[in-house]
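Participant: Generate coordinates for the sequence data below:
(one chain, ligands or ions: 1)
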Amino acid sequence: MRIDVVSIFPEYLAPLELSLIGKARQDGILDLRVHDLRAFTTDRHRTVDDTPYGGGAGMVMKPEPWAQALESIAADRPEGSGRPVLIVPSPAGERFTQALAYELAEQEHLAFACGRYEGIDERVIEWSREHFDVRPVSLGDYVLNGGEVAVLAMVEAIGRLLPGVVGNPESLVEESHSDGLLEYPVYTKPSVWREREVPAVLLSGNHGRIAQWRRHEQFRRTAERRPDLLEAFDAGKLPRADRTEL
Ligand SMILES: O=C(OCc1ccccc1)c1cn[nH]c1
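Facilitator: Predicted coordinates for the structure are as follows:
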């Protein structure tokens, strides 16, 4: 998979050189390139923002540097890949979910546009539809100062689903949201820790009962913490993420 990220703070994406995503890049599973938006400006001050039409506080990101950056990415796309998906992190986007992570993990080429200030001139989003499948995406109902943190989260959530990135693909199956429910609690040695014991069923060796206990714990936790997920689960509206193969 090829991933391009455009940001005025490219160093914000440095953590993607570490750990599993970093290794996936070394192994050639992930071809991730970070671009400095200012490299696509033409004025002496490398200006990327200006005041908003219609007034209001804050600044808006100018359209031309974005068009230059995105055009160069669209032109340099991998052989035979379809239209790249352009993901624009934004509080005004569709929710990022495990199901969307699986959907994006099947794409050949993803591009991420990191907005700052009050956002990017809306005409860039419209213009981009010529070259990209444009998806404004929200991590959650809160506001960040820019899209970079959201991109770190999404690249990790998507990258770890790619074949060969996590050691044991089995570990992708039994995790929160993989089956529409929250995950069960986990324990390791010692069996008694500060006078707290591990649930006896887990030491029983009875795998049927263990699986039953774990499933019950998933339902109990989901009902307690995320009743919204339980309704979706009960309605049979399992997310697309309820698949193991990729
Ligand atoms: O704040 C976010 O994105 C950064 C951003 C983009 C455009 C203008 C301001 C800030 C965000 C919140 N949930 N998901 C993403």
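Participant: What parts of this structure come near the ligand?
Facilitator: Proximity of the chain to the ligand (CB under 6 Å from any ligand atom) is limited to residues 89-91, 115, 119, 138-140, 142-144, 146-147, 150. Bear in mind the C-beta positions are built from the backbone N, C-alpha and C, glycine included.
Participant: how does it look with 8 Å?
Facilitator: 88-91, 93, 96, 114-120, 137-147, 149-150 (CB under 8 Å from any ligand atom).
Participant: Please indicate which of the residues you listed are buried?
Facilitator: 88-90, 93, 96, 114-117, 119-120, 137-139, 144, 146-147, 150 (16 or more other CB atoms under 10 Å).
Participant: The lowest-mean-pLDDT helix or strand in the chain: which residues count as buried?
Facilitator: The weakest-scoring helix or strand in the chain, judged by mean pLDDT, DSSP states H and E, is helix 170-173 (a mean of 85). For helix 170-173, a neighbour-count test (16+ other CB under 10 Å) marks residue 172 as buried.
Participant: Let me see the mean pLDDT of the helix or strand that comes right after it.
Facilitator: Per DSSP states H and E, helix 170-173 leads on to strand 192-193 as the next helix or strand towards the C-terminus. On average, the pLDDT along strand 192-193 is 98.
Participant: follow-up on the earlier one: sitting in strands, which of the residues of the chain next to the ligand do you find?
Facilitator: When the residues of the chain next to the ligand are checked against strands (DSSP state E), the matches are 88-91, 93, 137-138.
Participant: mind putting those residues in TSV, pLDDT included?
Facilitator: TSV is the format used below for these (pLDDT from 0 to 100):
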residue	pLDDT
88	98
89	98
90	97
91	96
93	97
137	98
138	98
